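Trainee: quick one, fold the following:
(chains A and B)
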Amino acid sequence: MRVECEVNGSALVLETAPNTSLLRALRDTGLLSVKHGCETGECGACAVLVDGAPRPTCVMLAGQAQGRRITTVDSLGRVTALDPVQQALVDNGSVQCGFCTPGMVLAAHALLARRPDPTDAEIRDALSGNLCRCTGYLKPVEAVRRAAAALRGEAPLPGTEPSSGGGALGRGGDDRGWAPQLDDPRQMGAPDDPDPEPRGPEGEGAGAGGVAVAAPVRPSERLRVVGRRERKVDAAKLAAGRPCFVDDIEIRGLLHAKLLTSPHAHARLRHIDTARARALPGVLAVLTHADLPRVAYTTAGQSWPEPGPHDQFSLDAVVRFVGDRVAAVAAETEEIAERALELIEVDYEILPAVLDPAEAMRPGAPCLHPEPEAYHIADRERNLAARIEAEVGDVEAALAAADLVVEGEYLVPQVQQTPLENHIVITYWDEDERLVVRTSTQVPYHVRRIIAPVIGLPPKRIRVIKPRIGGGFGVKQEVLIEDICAHLTLATNRPVRLEYTRAEEFRSSRSRHPQRIRLRTGVNRDGTIVANDMYVLGNTGAYGTHALTVQSNTGSKTLPLYRAPNVRFVADVVYTNLPPAGAFRGYGVPQGFFALESHIDEVARRLRMDPLALRLQNCLREGDPNILAVALGEGKEGLPQVVRSCGLPACVERGAAAIGWARKRGRPGDGPRRRGVGMAIVMHGTAIPGLDMGAASIKLNDDGSFNVLVGATDLGTGSDTVLAQIGAEVLGVPLEDIIIHSSDTDFTPFDTGAYASSTTYISGGAVKLAAERVRTQMFAVAAGLLGADPAQLRCADRVIRAPDGRGVTVSEVALHSLHVEDQHQIMATASRMSQDSPPPFAAQFAEVEVDTETGVVSVLRVVSAVDCGRAINPASAEGQVEGGVTQALGYALSEEMLYDRAGRLLTTDLAEYRIFAAPDMPALETLLIETDDPFGPFGAKAIAEIPLDGVAPAIANAVADATGVRIGQIPLTPPRVWAALQGAAGAREA
Amino acid sequence: MAVLTDLTELHRPTDLAAALQLLGRSRPRTVPLGGGTLMAAGRGPGVEALVDLSALGLEGVRVEGEEVVLGTATTLQALADDPIARAQWWGVLATAARSSATRLLRSAGTLGGTLAAGPAARADLAVVLSVLEARVRALGPDGTARWLTMAELAGGLPAPGLLVEVRIPGADRADPAPPPGGTTSGAAFLRIARTRTDQALVHAAAVVESTPGQGTRVRLAVGGADWPPARLATAEAALEGVELTEDAVRQATTPALAALRPPADHRASPPYRRAVAAVLLGRAARQAADRAVAARFHPHLGSDG
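Mentor: I've put the predicted structure just below:
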């Protein structure tokens, strides 16, 4: 049908089928700023303005646009000239992965057109349909408030104004044209002012939600770029909706792939007949297990050799969960591919299924992985994907001798990462018949290595490109669909695109391991903890991808937080016929800390101690060893670790003051609504010691700019910006002189990838080292030009100076080395790995109100005091904390994957699986308690994962403070809380 | 992506007769299209033709005599913003329209589509319309009109047909104040959910009419996600003239709720839904009663501003 409408001010005719969504029609015309995030209108990534009103286009037919006026962000600003809303979002750090940003910009515009001076509640409501999994919404709400003021013509509100960055070259006041000067550089007077005052870290600005940054720790060190709230280097293009994600390219002859998945939790494929599907016009390939070599592998994107079970096959004759792959189709259109799926006839022999991990371990339970090709399985007869045991000291003896032993059991749910961008990959042959894999991944190098044997190509014939990524949170540390898309390109010799729908993302990707955790703690009357004993029963679902390493972390990152000399950790990680668990930001640690930090409160209650005091009495301090570091590495014996920096006492003190601990604790009030405060202390790791490696290459260009090439994978976290800041600092140039690129396995050096909170520390260390080497080369040239000793030179503000004040610019050095004398490319590559994994620490506090009659828990406020070493970019560090806390709020209160008895997932859309939206947010306060770690670049440690660790136990502890009832299971949904309160009331009456 | 796999026709008629004629066809299978969000999200299996109602002039909210009339093509956002919806019945209509869906879905979703989808819409609006004793005008293919109560609508849509308007009785006239000793009314709507923007596990609404010296009359309705709204007539009768304390309402509604069959699903158990429904009904009735009394002295309080 023919649809006539106005798009961004121009008349447009859409020729579409009646059932084509407006989303699809707009993307097909090249309006790639309109994103696909779901199919139910719940996420808002596809929002446009229809006659000025913001609407989701995934649930709107193209035909409904007839005669309407459509507006997308393409009509607003350009990268170099953003409109006020886009600019405000870029300026205050609201753009993380940026996948939701275009929709948010439009929703904000629709609001401001009607309400030039909106209240915060109105802004939150206006953004209620724009889900964001990165930011925590506070910064976007603040940005809309600022944009409103700007549009009203008011002076900018006081607050955080970054100095440069944002990807719009020249925003730092340097948009002059560049032309090489012919003067002899040796005579050139570089600008005066040989040692300008450093601009120094900006610590005073209060960001959204109230942020304070403690004084930097090395006052002698003069930093110009590191420690500043720079704009994200990719923010402008993301806010402008420029095409930069996997799906934002057009390829001639592109085929569309679809997967047929199992309707049964456990079945053998007796027979598959694909004849009718193959015969459908437009179908180019139908693949089943019979068409592919049987290569056992793991989808876990980890370093070689991957320690976990290798128990997967691209396609197999047995399906092990509802949603497991049965067959794959490539066709000319998605509709033909979908129709072909319906024509595949499968004769399933239904096998007994087991959904409960305890049952799965019992004799006689159905065995999930009897196949002999699978390996690295701990005990396949008992369905044990992994078994972990570690003990230091003598736990039984210590428990027997302790004054008091407190036991507890805790249950944590299966939850999903839910990045706004679903898994998507495009594969094609390049002109040399090398396979290009353009994919939304956190681990491009692992993708190349892991799929090579699976698809039967050597890595040298594979090139993996990671463009911008719409969030990952661990689910893209999984080599999930690259293999099957590649198989289809190999089978058809055509480019193929495979994208999960949101429902497929829920049913057939990965999730956080659900666990049942038992704890026994031995403590003396004086509050000294003498022993901790933790047993974890983890459910990995049908495949064991990250089973071993996630569950290792459940013990190794939690138990050492307390100085008990006797510690035992045992974990059974069990196969069941449910969708597999995998990596999810926090990686086993939020599970462990929900149990441990709930339990410590119970210990305090039994001792009649303030839980805060009990923690401070027993927690790890600077100089302490990590007691489990050697016994529990990630999948193998670990390296000894000593804590070299620890801001935990300061975190506790500052956080307690911010929440009003002394004033509010133990004062629930009367009536049906009770208030409480709770807290938790947590630690994490910074990269996997002795294993994670990142490399960086830096080269100097004519104009004094630098290409920084990194394998590190920015998936929306801002790591490109942080790495560029580190490079700029060392090289003595402003951030806008750094052109950073990540990542392409043909052009950027190796990096293990974006996981284990490693990028700032490991990849940042590599950038720092490479930059130092480049600086040495520049100084050698400059020394010749200036007749000075290279060891005496310094570089700042683009000028390399001798102690006498004479200087040459970086551009002059570049021109000289490239064109004039002893011509060479100034360039260096460096790698970084670390034997140390310095833990970041945090204290997190929550204040809640519990409606005891309905079970509704309202979180009023969360305070996170985080020791992340030095914050390279405080704005992005806050963004990491706010976003992590928001994901943890969902973990604590609303998110849970639920199944029927046949193992079919019930929560398959974003209405049933409820992540937090803007109106749901409590007040968040972030306190960056900076320490100076001796190993990290400029003293930095990790910050990515730790914000997730302590929120759920702090909330459960606050609920206990409010009601006197300990609830050992999350999420704290109204029915669960109500049932616990009823049960406690019943027990009191009995 | 294709959203409605079997769809081959999309019509946008400009008069009711044409719309009804299209909807009256037995083949292809033709259904009305409001905003389309629920149908597209559910992928509308078996739907072969759609009749887009947006050009029929069925949108808008107006007062006619003592009735408020809502056109079924009115979007949820228009309802949430409408001055009449915000002014009448203490604004519960606008409040429930707002909490029925996100800002984006409200710009698309219509009143008619929400009513037609029933509990699948998971909308708060239904329980409020129920307690306000709304009637829905449905047209058959030959143009014959039927009036349906919310309870009748919950029993299933008359098919084929078209919902064209909703009428709610008992609108306040523009009088500056009620006559001394006259009847005033209050209304309240409450919901609980996992998060504020989540679908309601349980929602409840109450309307109280208060006449000095004669006590109060209360109307109560309850429902939730996948739980169609129900009026609690026996409880309403039992509470006539009784002081509406939360406890009194809970006691009166508990047996009525025991007779209801709320869904047993992954969201919540029936005992939970019944117990919490009693709590919300108690609170809503109390709030409505307070508002009815307040309206006696401050008639302008009746709107949410």
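Trainee: my guess is A:A265 contacts A:L355, does it?
Mentor: Yes: contact criterion Cβ atoms under 8 Å: A:A265 and A:L355 qualify, at 7.1 Å. No exception for glycine: its C-beta is placed from N, CA and C like everyone else's.
Trainee: so those two - more neighbours on which side?
Mentor: Higher neighbour count among A:A265 and A:L355: A:A265, with 28 against 19, using other Cβ atoms under 10 Å in any protein chain shown.
Trainee: thinking again about what came up before, and for A:A265 and A:L355, which residues touch both?
Mentor: Residues touching both A:A265 and A:L355 (Cβ atoms under 8 Å, 6 or more residues apart in numbering or on different chains): A:N577, A:L578, A:G903.
Trainee: now, among those residues, which is nearest to chain B?
Mentor: Ranked by distance to chain B (Cβ to the nearest Cβ), the shared contacts of A:A265 and A:L355 are led by A:G903 at 13.5 Å.
Trainee: just want the residue of chain A that's nearest chain B.
Mentor: A:G129 (3.1 Å).
Trainee: do you have the helices of the stretch 551-700 of chain A handy? List them.
Mentor: Applying DSSP state H, counting those that start in this stretch to the stretch 551-700 of chain A gives helices spanning A:589-607, A:611-618, A:648-659, A:661-664.
Trainee: and the shortest one, which residues are buried?
Mentor: Neighbour counts over helix A:661-664 (16 or more other Cβ atoms under 10 Å in any protein chain shown) mark A:W661, A:K664 as buried.
Trainee: got the contact list for that helix?
Mentor: Helix A:661-664 has contacts (Cβ under 8 Å, 6+ apart) with A:L612, A:G655, A:A656, A:R675, A:G676, A:V677, A:M679, A:F845, A:E847.
Trainee: do you know the pLDDT at the fifth one?
Mentor: According to the model's per-residue confidence, A:G676 sits at a pLDDT of 98.
Trainee: how about the first one?
Mentor: Note on A:L612: pLDDT of 97.
Trainee: next up, the contacts around it.
Mentor: By Cβ under 8 Å, 6+ apart, A:L612 lies in contact with A:V652, A:A656, A:W661, A:M679.
Trainee: so where's the chain uncertain?
Mentor: Going with chain A. For chain A, applying pLDDT under 70 flags the ranges A:157-176, A:181-221, A:635, A:990.
Trainee: meant chain B actually
Mentor: By pLDDT under 70, the weakly predicted segments of chain B are B:1-2, B:43, B:158-160, B:173-179, B:299-305.
Trainee: now do the contacts for B:H203.
Mentor: With Cβ under 8 Å, 6+ apart, B:H203 has these contacts: B:A96, B:D124, B:V127, B:F189, B:L190, B:R191, B:I192, B:V222, B:G223, B:G224, B:L280.
Trainee: recalculate using a threshold of 7 Å.
Mentor: Listed by Cβ atoms under 7 Å, 6 or more residues apart in numbering or on different chains, the contact set of B:H203 reads B:D124, B:V127, B:L190, B:R191, B:G223, B:G224.
Trainee: ramachandran angles for it?
Mentor: Main-chain torsions, B:H203, degrees, to the nearest 10: phi -130, psi 160.
Trainee: try A:R563
Mentor: According to degrees, to the nearest 10, A:R563 has phi -80, psi 10.
Trainee: what is the burial count for it?
Mentor: 17.
Trainee: and the residue nearest to it when sequence neighbours are not counted, how far from A:A980?
Mentor: Leaving aside its sequence neighbours, A:R563 sits nearest to A:N618 (Cβ to Cβ, 6 or more residues apart in numbering or on different chains; 5.7 Å). Distance, A:N618 to A:A980, by Cβ to Cβ, to the nearest Å: 28 Å.
Trainee: try A:V881
Mentor: From A:V881 to A:A980 the distance is 30 Å (Cβ to Cβ).
Trainee: neighbour count winner among the two?
Mentor: A count of neighbours by other Cβ under 10 Å puts A:V881 above the other of A:V881 and A:A980, at 31 against 19.
Trainee: check which helix or strand covers that one.
Mentor: According to DSSP states H and E, A:V881 maps onto helix A:874-893.
Trainee: next one: B:L220
Mentor: strand B:215-224.
Trainee: the next helix or strand after that strand packs against which elements?
Mentor: As assigned by DSSP H and E, the chain's next helix or strand after strand B:215-224 is strand B:227-231. For strand B:227-231, the packing partners by 3 or more Cβ pairs under 7 Å, 6 or more residues apart in numbering or on different chains; DSSP states H and E come out as helix B:125-131, helix B:150-154, strand B:215-224.
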